[in-house]
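S.K.: 3D model of this:
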Amino acid sequence: MSTLPGKTVMITGANVGIGKDVARQLALRPETARIYLACRNRDRATTAKAELEAATGRRIFDIVVMDVADLGSVRTGLAAIDGSVDALVMNAGVIGPQSMELTADGVTKVFATNVLGHVVLLEGLLAEGRLGEVAVLAGSEAARGLPILRMKRPSFASTSADELATVIDGRFFADGKTDFNLAFGQAKYIGALWMAYLARQHPDRRFITVSPGATTGTQASNDIALPLRMAAKYVMPALGISHKLEVGAKRLVDGVTDPTLSSGVFYASAANKLKGPLVDQADIFPDLANPSFQDHANEAIHRFII
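M.R.: This is a model prediction of the structure:
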């Protein structure tokens, strides 16, 4: 986002955790004139808005009720946005056993929340000529595998659109051996491929995927298996392999504000790390830079958008 005044930002999942702190940090920048807080629950959003106004001393926050797991809700929220959005931060996400349930749109909740709802939102803004300079998707190191947490790297026989579609609607785990951590990583992988596809189609804008890294003070750890939950809350901070909330949020803020971050790139921690400098994940997992895989991801995603 440039330093010109009057910029409008929209953030999904903005009432708690990383999304809320992204809103706080961007509100402290003088060029930010308006921030849409896109949240599922109006009451929680209202509370977050009041807290953000108190923390920043600015009354620039507007609420958009939007559940990104529900494509109808996304479209309703999109219609409620007044004017253009200069920077879109697609932060909302979910992980955990309940994330494998199918939504009314016939996709897993983990994919709907992390990717599909954001596709409808971003492409809706694009189609209406209302997306400005940059869009940032919250990624995860799980998209390239995390041996340190025993999270497998997404692996496919062909990475065809047909195969990727089985991830989106849950058929990939039809044998009953559901691994919701792998499903989360797969969703983030497909999301990063889709963003790279968009970057190729729209060279006049920046489409960037950025992982906040292992971040304390979020609700995500409440939804994962108990051993990983204990590791996230206690072991990882004690070992110094995670960072504070404001550090994770700043990664997404940098995605918006740092022009040196290249469009189409997925930025996250170095190999088998969860914090530290951002690096191009294609250097770790070359599949992320494969244009054919990017095309296949886009095709698979759009099979579920009517």
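
S.K.: Would you state the helices of this structure in chain order?
M.R.: With helices called from DSSP state H, the chain shows them at 17-27, 42-56, 71-80, 109-111, 117-127, 161-168, 180-201, 226-230, 236-239, 245-257, 291-302.

S.K.: Output those helices as TSV; include the columns mean neighbour count.
M.R.: All C-beta atoms are positioned from the backbone trio N, CA, C, and that covers glycine. Putting the helices of the chain into TSV (neighbours: other Cβ atoms under 10 Å) gives the following:
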stretch	mean neighbour count
helix 17-27	25
helix 42-56	15
helix 71-80	18
helix 109-111	26
helix 117-127	21
helix 161-168	19
helix 180-201	25
helix 226-230	13
helix 236-239	14
helix 245-257	22
helix 291-302	20
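
S.K.: closest one to residue 91 among these?
M.R.: helix 17-27 (4.1 Å; Cβ to Cβ).

S.K.: helices or strands up against that closest one?
M.R.: strand 7-12, strand 32-39, helix 42-56, strand 85-90, helix 245-257 (3 or more Cβ pairs under 8 Å, 6 or more residues apart in numbering; DSSP states H and E).

S.K.: Any chance of a markdown table for those, columns mean pLDDT?
M.R.: Below are these laid out as a markdown table (pLDDT from 0 to 100):
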| stretch | mean pLDDT |
| --- | --- |
| strand 7-12 | 98 |
| strand 32-39 | 98 |
| helix 42-56 | 99 |
| strand 85-90 | 98 |
| helix 245-257 | 97 |
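
S.K.: how far away is residue 53 from residue 261?
M.R.: Between residue 53 and residue 261 the computed distance is 29 Å (Cβ to Cβ, to the nearest Å).

S.K.: now residue 273
M.R.: Taking Cβ to Cβ, one finds residue 273 at 18 Å from residue 261.

S.K.: With residue 50 instead?
M.R.: For residue 50 relative to residue 261 (Cβ to Cβ), the value is 32 Å.

S.K.: ok, now residue 132?
M.R.: 16 Å.

S.K.: Return the residues in contact with the nearest residue to residue 48 once chain neighbours are set aside.
M.R.: The shortest distance from residue 48 to any non-neighbouring residue, by Cβ to Cβ, 6 or more residues apart in numbering, is to residue 15 (3.9 Å). Residue 15 is in contact with 37, 39, 41, 44-45, 47-48, counting by Cβ atoms under 8 Å, 6 or more residues apart in numbering.

S.K.: between those residues, which is nearest residue 256?
M.R.: Using Cβ to Cβ, the contacts of residue 15 come closest to residue 256 at residue 37, 15.3 Å.

S.K.: Looks like that closest one contacts residue 14 (just checking).
M.R.: Yes. Using Cβ atoms under 8 Å, residue 37 is in contact with residue 14, at 4.0 Å.

S.K.: mind listing what the spatially closest residue to residue 55 that is not a sequence neighbour touches?
M.R.: What sits nearest to residue 55 in space, not counting adjacent residues and going by Cβ to Cβ, 6+ apart, is residue 24, at 5.6 Å. Applying Cβ under 8 Å, 6+ apart to residue 24 gives the contacts 52, 55-56, 249.

S.K.: before we move on, back to that, for residue 90, find the nearest of the helices of the chain.
M.R.: helix 117-127 (4.1 Å).

S.K.: May I have that closest one as CSV, with CA atoms only?
M.R.: The C-alpha coordinates for helix 117-127 follow below in CSV (Å, rounded to 0.1, in the frame of the first residue of the first chain):
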residue,chain,number,x,y,z
GLY,A,117,-14.8,-17.7,0.6
HIS,A,118,-11.8,-15.5,0.0
VAL,A,119,-11.9,-16.4,-3.7
VAL,A,120,-15.5,-15.2,-4.0
LEU,A,121,-14.6,-12.0,-2.1
LEU,A,122,-11.5,-11.1,-4.0
GLU,A,123,-12.8,-12.0,-7.4
GLY,A,124,-16.0,-10.2,-6.7
LEU,A,125,-14.1,-7.0,-6.0
LEU,A,126,-12.0,-7.6,-9.1
ALA,A,127,-15.1,-8.1,-11.3
